[in-house]
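[1] What would the 3D arrangement of this be:
(chains A and B)
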Amino acid sequence: MKEKKSNSIIVISLIPVCLAVNVVGGNLASALKIPLYADSIGTILAGMLCGPAIGLLTGALTGVVSGIFSPIMLAYIPVTGIYGLAAGVLSKKKMMVKIPKLVVSGIIIALLGVALASPIIALVFGGITETGQAVIIAVLRAAGFGLLPATLISSFCTEFLDKLLACFICYVIVKGMSDRYLSKFQLGELYMKRKKLQIDFDDDDEEELQ
Amino acid sequence: MDRQSVEEKLKRQGGVIENFCPFTKLMLVVCTAVLSILFGSLIYIAIISAVYIILSLAAHVSRDFLKSYFRLFIFFGLMLILMNSFFQSNESEVLFSMGKVSIYEEGFYRGCRMSSIILSVAGGLLFFTETTPIQDLMVMLGNIGLSSDIVYVVVATFQSITELSGRMEQILDAQRSRGIETDGNLIVRAKAVLPMLITLLLSSMVSAEEKAIALEARCFNCQGTRTALRVYKTTAADIIAMIVLALITGGIVVAGFIL
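    Sure thing, here's the model as predicted:
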């Protein structure tokens, strides 16, 4: 782990940008009135490039930051955290390198999110969300489903599409980055066009500064 | 400009409530949360709403706060009570019925309880964030030993959000002028997402690198004590307020258990 120290600064400056992307992406989705959240793109990107730990941190901080705008989001910290964690682990296992694998990863992330979000929606908020989900949940409950299954079913609908889109966007972004840039991140090597890179690009910055 | 005049300039103009230390305000949130878990009811909701509204009026943040609090109140407060009243019908007594719709006693009280917990925690945090600039909180947390990396990440996030929102507008205009439609049916709007987000992300990745270089140039990874432009101290008023809060909460809890 020779590069760890010099990596950390770029990671530290990447996290705020990823967090802001989450917030702005969410705003864009609601501005275009698209029934997606689009608020986990930054988290997944951080996980993809920097590994599970940074992904988890970015995800958890997303919860904290959105919590400042709407305190309800604080209850979802575990969910936003698991997105980053899952993206990091999947990326490490080379599950995000090719499109077919990417789809599987998207599904896994969505499944984990639903599995974690539903109990939170059901237990903390009694099945109420600020989105249209509340109506679906109410209808399902009236149709005889229990609180937990009703929440699960309604979450599945939105989550899958959202996470697939997020993974796809991240993939396009990472593919669009230069090798020089990717080399600064822990998992960046997986996505480089040129394999087996020998040159240490990390020294670039230091030389520029001197 | 010497340091003192800078500090003078940065001195907060706010009133008494804004100038309380962030920890005092957090303590208020914790106290109301504890009380709501123990004594959640319809009366509690009324009292807690009154407390926060009065405090926000005193702190001159009332308009933003009231708007968000009202939304919270309608979406979560009332909805929780209503939904629980209709569905939690384990053969409990009917409290009120109108035609086919009945409100069940057990569900009603359950709903009130949940709603008071959510309103006091979320409302309290809302009040906290409305009255506390994020830099204050982070400097305070940095003072008590939070890693400077985290302090930077959080403060920079808020800068990045404004920065990126501005850039988002630019990209939106630019892509519109190139013929991407942002109005129309769902599919048309969904098609606009990719060219928007990908452009935004790539440009923000570049800015992340620029920031990293800037940080490195300013010796971010150096060891040693750090200085901050803003300096905050816990005042006597904070300590008194904390003691009073603790006494009130303790008093109510004790009284609640005796009665």
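
[2] So which residues of the stretch 101-250 of chain B form helices?
    Under the criterion DSSP state H, counting those that start in this stretch, the stretch 101-250 of chain B contains helices at B:105-131, B:134-143, B:148-177, B:186-217, B:236-258.

[3] Show me the one of those that comes nearest A:K101.
    Taking Cβ to Cβ, helix B:186-217 is the member of the helices of the stretch 101-250 of chain B nearest to A:K101, at 20.4 Å. (Glycine included, C-beta is placed from N, CA and C.)

[4] now the angle from the closest one to helix B:148-177?
    Interaxial angle of helix B:186-217 relative to helix B:148-177 (axes from the mean of the first three to the mean of the last three Cα atoms, to 10 degrees): 140 degrees.

[5] so what secondary structure elements neighbour helix B:186-217?
    helix A:4-31, helix A:41-50, helix A:147-176, helix A:203-209, helix B:148-177 (3 or more Cβ pairs under 8 Å, 6 or more residues apart in numbering or on different chains; DSSP states H and E).

[6] In CSV: the ones you listed, plus distance to A:F185.
    Converted to CSV, these look like this (distance: least, Cβ to Cβ, whole Å):
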stretch, distance to A:F185
helix A:4-31, 7
helix A:41-50, 4
helix A:147-176, 9
helix A:203-209, 14
helix B:148-177, 16
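
[7] Pick the most buried one from those helices.
    Mean neighbour count (mean count of other Cβ atoms under 10 Å in any protein chain shown) peaks for helix A:41-50 among those, with a mean of 31.

[8] Say whether chain B is contacted by it.
    Yes - residues of helix A:41-50 contacting chain B under Cβ under 8 Å from any Cβ of the partner chain: A:I41, A:L45.

[9] what's downstream of that helix, the next helix or strand?
    Next in sequence after helix A:41-50, counting helices and strands by DSSP states H and E, comes helix A:52-69.

[10] quick one: that next one to chain centroid distance?
    10 Å (Cα atoms, centre = their mean, to the nearest Å).

[11] Next: stretch B:239-246.
    22 Å.

[12] Flag whichever of the helices and strands packed on helix B:186-217 has the least confidence on average.
    Least confident of those, judged by mean pLDDT, is helix A:203-209 with a mean of 52.

[13] my guess is B:P195 contacts B:I180, does it?
    Yes - the pair B:P195 and B:I180 qualifies as a contact (Cβ atoms under 8 Å) at a distance of 5.8 Å.

[14] Any regions of the stretch 1-150 of chain B where pLDDT drops low?
    Counting by pLDDT under 70, the stretch 1-150 of chain B has low-confidence residues at B:1-16, B:87-102.

[15] Minimum distance to B:V51: which of the helices and strands packed on helix B:186-217 has it?
    Among these, helix B:148-177 sits nearest to B:V51 (Cβ to Cβ), with 27.9 Å.

[16] on contacts alone, who are the packing partners of the closest one?
    helix A:4-31, helix A:52-69, helix B:134-143, helix B:186-217.

[17] Redo those as a markdown table? Include distance to B:V51.
    Output for the helices and strands packed on helix B:148-177, formatted as a markdown table (distance: least, Cβ to Cβ, whole Å):
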| stretch | distance to B:V51 |
| --- | --- |
| helix A:4-31 | 30 |
| helix A:52-69 | 21 |
| helix B:134-143 | 22 |
| helix B:186-217 | 41 |
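
[18] mind checking which of those is nearest A:L116?
    The nearest among those, by Cβ to Cβ, is helix A:52-69 at 11.2 Å.

[19] That closest one and chain B in contact?
    Yes - counting by Cβ under 8 Å from any Cβ, contacts between helix A:52-69 and chain B involve A:L61, A:V64, A:V65, A:G67, A:I68.

[20] wait, isn't the third one in contact with B:T157?
    Yes - shown here, A:V65 and B:T157 form a contact pair, counting by Cβ under 8 Å, at 5.7 Å.

[21] shared neighbours of these two, anything?
    Listed as contacting both A:V65 and B:T157 by Cβ atoms under 8 Å, 6 or more residues apart in numbering or on different chains are A:L19.
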